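**Q** fold the stuff below for me.
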Amino acid sequence: KASMAKYAEWADDQAKALAYEIQDADAKIEELVAAITKAESDAAKFGRDALALEEEIRKLTKERAEATSQRESENADFLKVSTDYAESVDALKRAIAEVSAQDYDRDQAAALLQRMSSHTRGVPGVV
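**A** Numbering: from 1, shown residues only. Model prediction:
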């Protein structure tokens with residue numbers, strides 16, 4: 001009987017220990033399930049955020065390409081006008097130098113320029 005009582009006590013202790021272990025394992029399972037659920041929710045949210053950011057990147061890249069194209073076009077127009085102005089200024093400097101080199105009256109040429117300035121486009125700015 002004494003052995004049986006010891007065995008019964010040991011079995012009872014083991015049953016209680018196993019019950020605590022099962023209870024602890026159940027609590028750990030609940031924690032892990034909650035962590036997995038949160039991780040899945042976070043992953044879905046981050047996936048949506050990533051898609052939104054990718055769309056924003058595509059939009060900004062398109063806008064940058066359009067702006068670059070416009071700047072290149074405007075720069076080409078500017079360079080054309082700038083070159084034209086530079087050539088005009090150079091031609092005027094050479095003409096002034098040529099006229100200054102010839103040291104005589106230009107009454108007839110001045111009268112012609114005055115007449116031209118009244119009906120020829122661009123001449124009034126020169127006279």
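**Q** and the helices in this structure?
**A** All helices of the chain, identified by DSSP state H, fall at 2-101, 107-119, 123-126.
**Q** can you lay out those helices as CSV showing mean neighbour count and mean pLDDT?
**A** In short, each C-beta sits where N, CA and C put it, glycine included. Putting the helices of the chain into CSV (neighbours: other Cβ atoms under 10 Å; pLDDT from 0 to 100) gives the following:
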stretch, mean neighbour count, mean pLDDT
helix 2-101, 10, 93
helix 107-119, 11, 68
helix 123-126, 11, 52
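**Q** quick check, pLDDT for D105.
**A** D105 is assigned a predicted lDDT (pLDDT) of 60.
**Q** what do you get for Q102?
**A** For Q102, the pLDDT comes out at 71.
**Q** can you get me a residue count around it?
**A** 7 (other Cβ atoms under 10 Å).
**Q** look up how far I96 lies from it.
**A** Distance, Q102 to I96, using Cβ to Cβ, to the nearest Å: 11 Å.
**Q** next one: A19
**A** A19 is 111 Å from I96, by Cβ to Cβ.
**Q** likewise S41?
**A** S41 is 80 Å from I96, by Cβ to Cβ.
**Q** same check, this time on E40
**A** In this view, E40 and I96 are 82 Å apart by Cβ to Cβ.
**Q** and S118, by the same measure?
**A** 22 Å.
**Q** go on, R115?
**A** From R115 over to I96 (counting by Cβ to Cβ), the distance is 21 Å.
**Q** cool, and V89?
**A** Going from V89 to I96 by Cβ to Cβ gives 10 Å.
**Q** quick check, central residue of this structure?
**A** Geometric centre of the chain, nearest residue: L60, 4.6 Å, by Cα atoms, centre = their mean.
**Q** contacts only, for D77.
**A** Residues near D77 by Cβ atoms under 8 Å, 6 or more residues apart in numbering: none.
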